[in-house]
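Asker: need a structure here:
(chains A and B)
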Number of protein chains: 2
Amino acid sequence: MSWYLGIDGGGTHTRAVVVSADGVAAGAGGAGPSNYHNTGMEAAARNLRAAADAAWADAGLKARPAEHAFLGCAGVKSRGDMLRVRAAAESAGLAPAGAVTVMNDLYNAHAGGLQGEAGVALIAGTGTNCLGIDHTGESFMCGGWGWLLDDEGGAFGLAINALRAAARAADKRAPDTRLLAAAMAFLGLSEPDDMLARFYAQPWTPAEIAAFAPVVTRLASEGDATAHRLLVAGARALAGLVAGASRALVFPRGPQVVLLGSCARGGAPYQPLVEAEIRKLCPSARIVEPKGGTLHGAAINALRAGGVNPPPALDFSKIKTNR
Amino acid sequence: MSWYLGIDGGGTHTRAVVVSADGVAAGAGGAGPSNYHNTGMEAAARNLRAAADAAWADAGLKARPAEHAFLGCAGVKSRGDMLRVRAAAESAGLAPAGAVTVMNDLYNAHAGGLQGEAGVALIAGTGTNCLGIDHTGESFMCGGWGWLLDDEGGAFGLAINALRAAARAADKRAPDTRLLAAAMAFLGLSEPDDMLARFYAQPWTPAEIAAFAPVVTRLASEGDATAHRLLVAGARALAGLVAGASRALVFPRGPQVVLLGSCARGGAPYQPLVEAEIRKLCPSARIVEPKGGTLHGAAINALRAGGVNPPPALDFSKIKTNR
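Answerer: Okay, the predicted model is just below:
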């Protein structure tokens, strides 16, 4: 029996699945983060190996080099990133040299959400990213430059723009908004001038700032004009990613588009705005519900990368969690 | 003879001046940074004391508590900031308890640039800030929320927006721009996808990013449409600060406005755009040349805070450097 190893390596945890050539997922397992930019390569490789070992154990099999291993990892964008992670995965013995494929983790989200079909996957959680793959297999990643360079439309982007609007309202450059009082409450401050000390005395992580995003959507629902304007701008930025990925590829009948991530799939009021802006910028887009999770995607990608193409329908019935 | 101590405390160095009630600056001295948010209060207090000691020594006088000390310090924005720095300055013996005044360093720039007169001082170096003071002595600070919350129009803001535009051009979301090749050269990269590793693997300081701003102004001069658009947006943001400060105060015949900082005073092409946007948003503004530097401002503020009001014309002829 030939076994394929699919890995989804994220910034907070790593998951692995062992799947047979006929699509049966025999075991899955997890470990810590594997975005090597944050963890360093040694820790990333250790977590990749640990997740794979757990998946082999869950399948009741002795850990071994897979027929082919596909790794979709957060933080992999350049060719240099791919080569470095591939070398680490080969050294860790996930699969024989030459039988390891490394891509961004967005490839798993795409393959899971669209079950291996062509289309565009838009992810907006704390950050944002977008991947299109067309019928020829050509792919194009639009966005994904991280919070410093490309923060609009995700939870971090909504939150930081809301905090900026609050600061501008505090010094009367911008209209009054309930975001100012809400920002003070979020930050635990009694006066806006203390924001300076609060933001610069100790560093913030993007996720800490992104925690303000739900307040923005709530105030928008309650009628705050500035909060609503920020949601519309964020939705437009996300639609721009979808349009960029669509334009760069060939979708003769328009792309199917799947929205993923807590921010893009968070329901009203934001999700309908995102969908409306996508329809505006990409009239031919068909927005579809996600068909499966990223671990499905990792399994599909592992089979494909190993030459099982088209991959068979997956059987994940033995797996406890498939997201 | 009563001696007044004026201090300008910045993020990279601190300068002090000793001035007599009749306006003669007898000595000046310098030391390291005193933005306590960055250095910690202990180091800040040490540098304030060292700069003062150097000024007393330069004046040929034994260091002593001044009649009154005025400290204009970077990073002082909230009432809490002022109280903390004042307590440190009193403990350091710069002046007796009750005879220390602490404000943001912008108050020195304003008093120096406008020689103590009413008006609006706009500073755009790496960051941006704006202070208006009207004829009644009312003051209003507009902006100054730092790079994370309020970065437009200064060198950091121009640079980060240019890098964002370069990333968007790389994935075809935005029009082609020479900023992309320029950003690759600035970052020492051969392909845009490496930007991710370059920006997130190790932290950047705002000043390191701001170093890209001169490239933006050069490309705008050479006709790059995106670079030009960024300068116009930056100029509009700076004008918004001036308009905000003006609106919050009373300037019956319009404010006089002084532009300060390497970015706002950098000449063509940016400075004329900034001046044009100020005239557009604030038709009653009169843009004037700076009359003096921040150490002049610190001396004026020390005399005023000590009750010498109006302060006499300053005599800085004994001071080697007065900027």
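Asker: remind me, longest helix of chain A?
Answerer: The longest helix of chain A (DSSP state H) is helix A:225-247.
Asker: now the helix or strand following that one: how far from the chain's centre is it?
Answerer: From helix A:225-247 onward toward the C-terminus, using DSSP states H and E, the following helix or strand is strand A:256-260. Relative to its chain's centre, strand A:256-260 lies at 12 Å (Cα atoms, centre = their mean, to the nearest Å).
Asker: neighbouring strands for strand A:256-260, and are they parallel or not?
Answerer: Using DSSP bridges, strand A:256-260 pairs in its sheet with strand A:119-124 (parallel), strand A:286-288 (parallel).
Asker: possible to save those as JSON lines with mean pLDDT and mean neighbour count?
Answerer: No exception for glycine: its C-beta is placed from N, CA and C like everyone else's. Below are the strands paired with strand A:256-260 laid out as JSON lines (pLDDT from 0 to 100; neighbours: other Cβ atoms under 10 Å in any protein chain shown):
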{"stretch": "strand A:119-124", "mean pLDDT": "97", "mean neighbour count": "30"}
{"stretch": "strand A:286-288", "mean pLDDT": "98", "mean neighbour count": "16"}
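Asker: Any idea how many residues pack against A:Trp3?
Answerer: Here the number of neighbours of A:Trp3 (other Cβ atoms under 10 Å in any protein chain shown) works out to 24.
Asker: Next: A:Ala248.
Answerer: Other residues near A:Ala248 number 17, with proximity taken as other Cβ under 10 Å.
Asker: three-state assignment of the nearest residue to it once chain neighbours are set aside?
Answerer: Nearest residue to A:Ala248, sequence neighbours excluded (Cβ to Cβ, 6 or more residues apart in numbering or on different chains): A:Phe140, at 4.0 Å. Under DSSP: H, G, I helix; E, B strand; the rest coil, A:Phe140 falls in the strand class.
Asker: give the contact list for A:Phe140.
Answerer: Listed by Cβ atoms under 8 Å, 6 or more residues apart in numbering or on different chains, the contact set of A:Phe140 reads A:Leu131, A:Gly132, A:Gly244, A:Ala245, A:Ala248, A:Leu249, B:Asp171.
Asker: one more time with 10 Å, if that's ok
Answerer: A:Phe140 makes contacts with A:120, A:130-134, A:244-249, B:171-172, as judged by Cβ atoms under 10 Å, 6 or more residues apart in numbering or on different chains.
Asker: So is the helix or strand encompassing A:Phe70 next to chain B?
Answerer: In this assignment (DSSP H and E), A:Phe70 forms part of strand A:68-73. No - using Cβ under 10 Å from any Cβ of the partner chain, strand A:68-73 never reaches chain B; the gap is at least 12.3 Å.
Asker: Kindly report the same for stretch A:146-155.
Answerer: Yes - counting by Cβ under 10 Å from any Cβ, chain B is contacted by stretch A:146-155 at A:Gly146, A:Trp147, A:Leu148, A:Leu149, A:Asp150, A:Asp151, A:Glu152.
Asker: got the angle between the next helix-or-strand element following the strand holding A:Phe70 and strand A:68-73?
Answerer: Next along the chain after strand A:68-73, taking DSSP H and E as the criterion, comes helix A:79-91. Inter-element angle recorded for helix A:79-91 and strand A:68-73: 130 degrees (by axes from the mean of the first three to the mean of the last three Cα atoms, to 10 degrees).
Asker: Next SSE downstream of helix A:79-91?
Answerer: For helix A:79-91, the following helix or strand on the C-terminal side (DSSP H and E) is strand A:100-104.
Asker: helices or strands up against that following strand?
Answerer: Using 3 or more Cβ pairs under 10 Å, 6 or more residues apart in numbering or on different chains; DSSP states H and E, the elements in contact with strand A:100-104 are strand A:3-9, strand A:68-73, helix A:79-91, helix A:106-113, strand A:128-133, strand A:139-142, helix A:294-305.
Asker: Measure how buried the closest residue to A:Thr136 other than its chain neighbours is and give me the count.
Answerer: In space, and not counting its chain neighbours, A:Thr136 is closest to A:Val250: 7.0 Å by Cβ to Cβ, 6+ apart. By the measure other Cβ under 10 Å, the count of residues near A:Val250 is 13.
Asker: Is A:Val250 in contact with A:Ile133, as I believe?
Answerer: No - look at A:Val250 against A:Ile133 with Cβ atoms under 10 Å: they stay out of range, at 11.0 Å.
Asker: For those two, list the residues in contact with both.
Answerer: A:Ala118.
Asker: residues making contact with the one helix or strand in chain A whose mean pLDDT sits lowest?
Answerer: When each helix and strand of chain A is scored by mean pLDDT, DSSP states H and E, helix A:195-200 comes last, with a mean of 84. Helix A:195-200 is touched from outside by A:163, A:166-167, A:170, A:183-184, A:187-189, A:204, A:209, B:35-38, B:75-78, B:80-81, B:84, B:104, B:144-150, with contacts defined as Cβ under 10 Å, 6+ apart.
Asker: List the contacts of the residue most central in space within chain A.
Answerer: Closest residue to the average C-alpha location of chain A: A:Ile123 at 5.0 Å, with Cα atoms, centre = their mean. The neighbours of A:Ile123, taking Cβ under 10 Å, 6+ apart as the test, are A:105-106, A:109-110, A:113, A:129-131, A:143-144, A:154, A:238, A:241, A:258-265, A:294.
Asker: and it, how far is that from chain B?
Answerer: Per Cβ to the nearest Cβ, to the nearest Å, A:Ile123 is found 15 Å from chain B.
Asker: same question, A:Ala121
Answerer: 15 Å.
Asker: A:Arg49 too?
Answerer: Using Cβ to the nearest Cβ, we find A:Arg49 at a distance of 22 Å from chain B.
Asker: which non-adjacent residue is nearest that residue?
Answerer: Of all residues not flanking A:Arg49 in the chain, A:Ala92 sits nearest, at 4.5 Å (Cβ to Cβ, 6+ apart).
Asker: can you count the residues close to that neighbour?
Answerer: Neighbours of A:Ala92 (other Cβ under 10 Å): 20.
Asker: Isn't it up against A:Ala31?
Answerer: No - the pair A:Ala92 / A:Ala31 is not scored as a contact, 11.8 Å apart, by Cβ under 10 Å.
Asker: Name the residues contacting each of those two.
Answerer: A:Arg46, A:Asn47, A:Leu48, A:Arg49, A:Ala50, A:Ala52, A:Asp53.
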